[in-house]
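Visitor: Coordinates only, no sequence provided:
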Ligand SMILES: N[C@H](CCC[C@H](N)C(=O)O)C(=O)O
């Protein structure tokens, strides 16, 4: 049996997008992992599953997000932009502003006339319990309007901002993202016991007009861009007095614009379709093998 898919990216953060509206999909973590595998599967940072709106809901669709490690997660900003491009291009909706349910709540992406997409990502959260971040025994150090927290990383102390965009982010500010220890410290932060649900680790560098940003993503490793990570880092920069809204976020895969005035975070950026294809389900591990 064949499974149709669409390969897309948002600022270089790449996705396999699967239509769960016109085909019934129910995979195990091992099957999601295989689809995302860059050698034995199709290859992607995340796999997105587009589903019909839940019965009785006031949304147009539901969209589910699976990291390359096969784990389902709460939110994906670049994925939200690709979701809109997908449902419009596939003729699944005539709307251009779409309400979509995710594991962490309803977001509202909108396809702009110039082809870019703006997403109301909802409000950020900072309280440790809402990240979740275990702050027991730690004393925060205020920086502007922000609380920074001392995180032990490989014998060093990194002062991080903790932000939830529905998914957890730990953001630190560095002098130069190009030399930041993303590959060495990113996984240590991701798996820190202070983050019981693990965490996405952002490394941000203030620059005129905004920030440069690299993100070691939970369940995927370093990606070329992270939409929720851009939201989290932009909000932390504004709270620390290191940037003003709208924040231009320069990622290795492209430019995202983040606006925040204390309420919802609005993210604007690109979404591109690369190719469509089919995968033979026999290439996936059997459901009972995981
Ligand atoms: N790795 C993230 C999910 C994908 C987020 C990212 N690709 C984005 O664009 O927001 C997490 O585990 O929370």
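Guide: Looks like it came in fine. The model shown is predicted, which means the values in this text are computed figures rather than measured ones.
Visitor: what does the stretch 101-250 of the chain put close to the ligand?
Guide: Residues of the stretch 101-250 of the chain lying near the ligand by C-beta under 6 Å from any ligand atom: 167, 200, 217, 218, 219, 220, 223, 226, 227, 228. C-beta here means a position set from N, CA and C on the backbone, and glycine is covered the same way.
Visitor: and the fourth one, what is it in contact with?
Guide: It stands for residue 218. Applying C-beta atoms under 8 Å, 6 or more residues apart in numbering, we find residue 218 in contact with 67, 73, 167, 168, 190, 198, 199, 200.
Visitor: give me phi/psi at it?
Guide: Dihedral angles of residue 218 (phi, psi; degrees, to the nearest 10) stand at phi -50, psi 130.
Visitor: pLDDT weak spots in the stretch 151-290 of the chain?
Guide: 289-290 (pLDDT under 70).
Visitor: surely residue 7 meets residue 45?
Guide: No: using C-beta atoms under 8 Å, residue 7 makes no contact with residue 45, being 11.6 Å away.
Visitor: Now do the shared contacts for these two.
Guide: 14, 15.
Visitor: And those two? Which one has more around it.
Guide: residue 45 (27 against 18; other C-beta atoms under 10 Å).
Visitor: Identify the residues contacting that one.
Guide: Counted by C-beta under 8 Å, 6+ apart, residue 45 has contacts 13, 14, 15, 36, 67, 68, 217, 220, 223.
Visitor: So which of those are in strands?
Guide: Of the contacts of residue 45, the ones assigned to strands by DSSP state E are 13, 14, 15, 67, 217, 223.
Visitor: residue contacts, the residue sitting nearest the centre point of the chain?
Guide: For the chain, the residue nearest the mean C-alpha position is residue 76 (3.3 Å; C-alpha atoms, centre = their mean). Residue 76 sits next to 46, 48, 65, 167, 227, 228 when contact means C-beta under 8 Å, 6+ apart.
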